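> Based on what follows, work out the 3D shape:
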Amino acid sequence: GNPSTCFVSPRRRPAISSQSPKSRLSTRTFASLRELAISIDAKTKTPSPITPPTPGPDTTPSAQTAVEETQDETEWSQAAVPDVENQEESEDEVIEVNVPAKFKPYPFEYHKELTVEIESLTNLGFGVARVQLDADPNDSDAASEELAKWVIFIPNVIPGEVCRVRIYRNHASYSDADLLEIVQPSPDRIEPLCSLANICGGCQYQHINIGRQRQMKTEQVQELFERIGGLKAEDFPTVFDTLGTEEVFGYRSKITPHYDAPIRKKRRSGEAVTNKSCEIGPIGFKEKASRRLVDVPYCHIATPDINTALSKVREETRDKAGQGKLKKPAKGATLLLRDAGDGLVETNHVAYVNTTVKDLTFRFQAGNFFQNNPFMLPKMVDLVVDAATIKSSSGEAMTHLIDCYCGSGLFALGCSSSFDVCVGIEVNDKAVQEARANAELNGIKNCDFVSASAEAIFLSKDPVKGKGVEGDCDVPLLVKDFPRESTVVVVDPPVSC
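Numbers count the residues shown, from 1 in each chain. Now for the predicted structure:
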């Protein structure tokens with residue numbers, strides 16, 4: 001677990017075979033792989049799980065594309081493992097490694113090892129390294145052109161670190177690699193609290209101290225304005241520092257673990273059991289660079305009540321599978337655990353739950369979207385109110401607020417006491433119904449909600465209730481008629497993570 005510990009991602013292991021395309025590894029290299037916690041069960045000839053270091057749930061190419069997984073995994077062959085402990089190492093002795101059929105050999109051969117420096121992180125937490133390439137011998141134009149540096153994505157790293165990595169996939173404009181060793185660790189590297197942090201896709205930054213995490217999130221938003229938005233830094237305000245609370249773990253009020261399609265139990269004859277009994281594999285979240293699931297019996301970022309319920313839900317789900325009582329035994333499913341307070345954890349997507357934010361009560365379906373960090377919600381509402389009530393350039397106070405993507409009405413209702421009129425817009429009809437019900441539940445009469453896409457808000461022909469000269473809240477107004485000088489729009493508001 002110290003910052004310079006070597007480890008191999010259990011997601012992608014080299015396979016040893018003599019019946020497929022081959023890439024050469026010396027016994028010295030293979031000995032190092034054995035030292036990197038790779039073990040084999042001699043009886044089953046299948047790999048034993050590799051434990052990550054013991055800890056103390058959009059760069060140029062798309063980060064999402066970077067983690068798309070092709071199903072070209074292979075397995076170890078016990079017979080081909082050399083007894084490197086009882087023989088002299090020789091660079092001439094080689095071990096044949098099975099190369100996946102779909103592997104593209106340019107610009108790197110399969111399992112090519114490189115030492116690279118990490119320049120930045122994507123918003124999905126993958127490190128970005130760039131290396132200079134030699135010209136592609138199959139590209140007649142490459143020799144006459146200056147080659148751009150090739151991008152490599154690596155998990156579990158920090159900008160500034162020097163790492164030894166191993167290529168496992170080449171794409172058209174970038175490659176994916178496993179992390180083998182941190183050669184020069186960052187001073188911001190820490191031991192993750194969770195033992196699954198190096199493989200589970202639920203968390204991307206647990207190996208980084210919280211101060212650096214927040215700094216990087218600020219930088220990523222700033223970069224999106226400049227790179228995606230095409231804005232120059234001097235043309236828009238600097239992004240504020242990322243805010244946080246002391247609750248770094250145990251804060252998340254909702255998780256949605258998954259399981260894949262269950263495996264039907266078989267009769268000895270090979271026929272499926274007629275009572276639909278089956279077995280469920282991992283229940284958890286996707287791996288960082290794969291579609292496969294990691295079994296997660298405990299989630300450190302979820303609230304304690306959710307983790308108490310998670311153990312029971314996992315057991316009940318497996319029992320139902322074994323008894324043939326799953327509603328859809330041929331398909332996988334997503335489970336829900338929503339912390340509803342007072343020790344209650346709701347698992348029914350359509351059940352209603354309540355939460356309180358700054359003396360306002362919000363009621364919504366457990367499966368619907370609502371900010372998932374209750375400790376941050378008061379800070380977020382205060383931040384929006386403070387920014388929305390800044391006077392106009394002419395010194396006029398803001399009187400009207402439009403909350404785009406309003407969901408169940410958190411910001412519109414939270415700001416209602418500071419404005420004459422608030423209107424929320426949301427494409428989800430169910431969320432709009434909840435927002436209206438929440439306004440009534442809290443006795444707020446100067447808020448209305450419209451079911452439409454955010455970009456159509458000023459085209460809406462549906463009148464909303466506004467406040468008249470005499471303070472009457474039933475005066476019909478069209479959003480396009482709101483006073484321009486004293487109207488503020490909240491667009492894509494901050495979210496808690």
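> chain center to the longest helix along the chain, what's the gap?
The longest helix of the chain (DSSP state H) is helix 304-322. Helix 304-322 has its C-alpha centroid displaced from the chain centroid by 23 Å (CA atoms, centre = their mean, to the nearest Å).
> Can you spell out which helices and strands pack onto that helix?
strand 254-255, strand 278-279, strand 283-286, strand 337-341, strand 344-346 (3 or more CB pairs under 8 Å, 6 or more residues apart in numbering; DSSP states H and E). Where C-beta positions appear, they are placed from N, C-alpha and C, glycine not excepted.
> then it to PDB, C-alphas only?
Taking Å, rounded to 0.1, in the frame of the first residue of the first chain, the C-alpha atoms of helix 304-322 are listed here in PDB:
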ATOM      1  CA  PRO A 304     -23.700   3.700   7.500                       C
ATOM      2  CA  ASP A 305     -27.400   2.900   7.200                       C
ATOM      3  CA  ILE A 306     -27.100   2.100   3.600                       C
ATOM      4  CA  ASN A 307     -24.200  -0.300   4.300                       C
ATOM      5  CA  THR A 308     -26.200  -2.000   7.000                       C
ATOM      6  CA  ALA A 309     -29.100  -2.500   4.500                       C
ATOM      7  CA  LEU A 310     -26.700  -3.500   1.700                       C
ATOM      8  CA  SER A 311     -25.700  -6.700   3.400                       C
ATOM      9  CA  LYS A 312     -29.300  -7.700   3.800                       C
ATOM     10  CA  VAL A 313     -30.300  -6.800   0.300                       C
ATOM     11  CA  ARG A 314     -27.500  -8.800  -1.200                       C
ATOM     12  CA  GLU A 315     -28.400 -11.900   0.800                       C
ATOM     13  CA  GLU A 316     -32.100 -11.600   0.000                       C
ATOM     14  CA  THR A 317     -31.400 -11.100  -3.800                       C
ATOM     15  CA  ARG A 318     -29.200 -14.200  -3.900                       C
ATOM     16  CA  ASP A 319     -31.800 -16.200  -1.900                       C
ATOM     17  CA  LYS A 320     -34.600 -15.200  -4.400                       C
ATOM     18  CA  ALA A 321     -32.400 -16.200  -7.300                       C
ATOM     19  CA  GLY A 322     -31.800 -19.700  -5.700                       C
END
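> what sits up against it?
Applying CB atoms under 8 Å, 6 or more residues apart in numbering, the contact partners of helix 304-322 are 250, 252-255, 257, 259, 262, 277-280, 283, 297-299, 302, 326, 329, 335, 337, 339, 343-345, 347.
> Give me the distance from the helix or strand following it to the chain's centre.
Where DSSP states H and E defines the elements, the next helix or strand beyond helix 304-322 is strand 333-334. Averaging C-alpha positions (CA atoms, centre = their mean) puts strand 333-334 17 Å from its chain's average.
> List the strands paired with strand 333-334, with their directions.
strand 258-259 (antiparallel) (DSSP bridges).
> show me what contacts residue 113?
Applying CB under 8 Å, 6+ apart, the residues near residue 113 are 29, 164-167, 180.
> If we use 6 Å, what do you get?
residue 166 (CB atoms under 6 Å, 6 or more residues apart in numbering).
> So residue 425 belongs to a helix, correct?
No: applying DSSP: H, G, I helix; E, B strand; the rest coil, one finds residue 425 to be strand, outside a helix.
> thought it was touching residue 454?
Yes: in terms of CB atoms under 6 Å, residue 425 counts as a neighbour of residue 454; the distance is 5.5 Å.
> Which of those two has more residues huddled nearby?
residue 425 (25 against 17; other CB atoms under 10 Å).
> The more buried one and residue 419, how far apart?
Taking CB to CB, to the nearest Å as the measure, residue 425 falls 15 Å from residue 419.
> Could you do residue 387 as well?
For residue 387, the distance to residue 419 - CB to CB - is 13 Å.
> More neighbours: these two, which one.
Taking other CB under 10 Å, residue 387 and residue 419 do not tie; residue 419 has more neighbours (23 against 13).
> Surely the more buried one touches residue 397?
No: assessed by CB under 6 Å, residue 419 is found out of contact with residue 397, at 9.5 Å.
> hey, what's in contact with both of residue 425 and residue 454?
Joint contacts of residue 425 and residue 454 (CB under 6 Å, 6+ apart) are residue 404.
> Which strand in this structure has the most residues?
strand 174-184 (DSSP state E).
> Return it as CSV; C-alpha atoms alone will do.
Output of strand 174-184 as CSV, limited to C-alpha atoms (Å, rounded to 0.1, in the frame of the first residue of the first chain):
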residue,chain,number,x,y,z
TYR,A,174,-4.9,6.6,-28.3
SER,A,175,-4.0,3.5,-26.3
ASP,A,176,-5.1,2.0,-22.9
ALA,A,177,-2.6,0.7,-20.4
ASP,A,178,-2.5,-1.0,-17.0
LEU,A,179,-0.4,0.5,-14.2
LEU,A,180,2.5,-1.7,-13.2
GLU,A,181,4.6,0.6,-11.0
ILE,A,182,4.7,4.1,-9.6
VAL,A,183,8.3,5.1,-10.3
GLN,A,184,8.1,8.6,-8.9
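> Paired strands for that strand, with orientation please.
For strand 174-184, pairing defined by DSSP bridges yields strand 150-154 (parallel), strand 162-170 (antiparallel).
> Tell me which of those strands lies nearest to residue 449.
Nearest to residue 449 among the strands paired with strand 174-184 is strand 150-154; the distance by CB to CB comes to 41.3 Å.
> Helices along the stretch 151-300 of the chain, start to end?
With DSSP state H, counting those that start in this stretch as the criterion, the stretch 151-300 of the chain has helices at 210-223.
> shaky segments in it?
265-276 (pLDDT under 70).
> let's go with 90 and repeat that
Low-confidence segments of the stretch 151-300 of the chain, defined by pLDDT under 90: 220-240, 262-279, 289-291.
> Mind giving me the ChimeraX command for buried ones among the contacts of helix 304-322?
Burial among these is assessed by 16 or more other CB atoms under 10 Å; the matching ChimeraX selection reads:
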select :252,253,254,255,257,259,262,277,278,280,283,299,302,326,329,335,337,339,345,347
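> which stretches of the stretch 351-497 of the chain have low pLDDT?
368-371, 392-395, 405, 407, 426-430, 450-485, 491-497.
> now the helices: where do they sit in it?
377-388, 410-415, 429-441.
> Would you quantify the distance from residue 424 to residue 407?
Distance from residue 424 to residue 407, by CB to CB: 8 Å.
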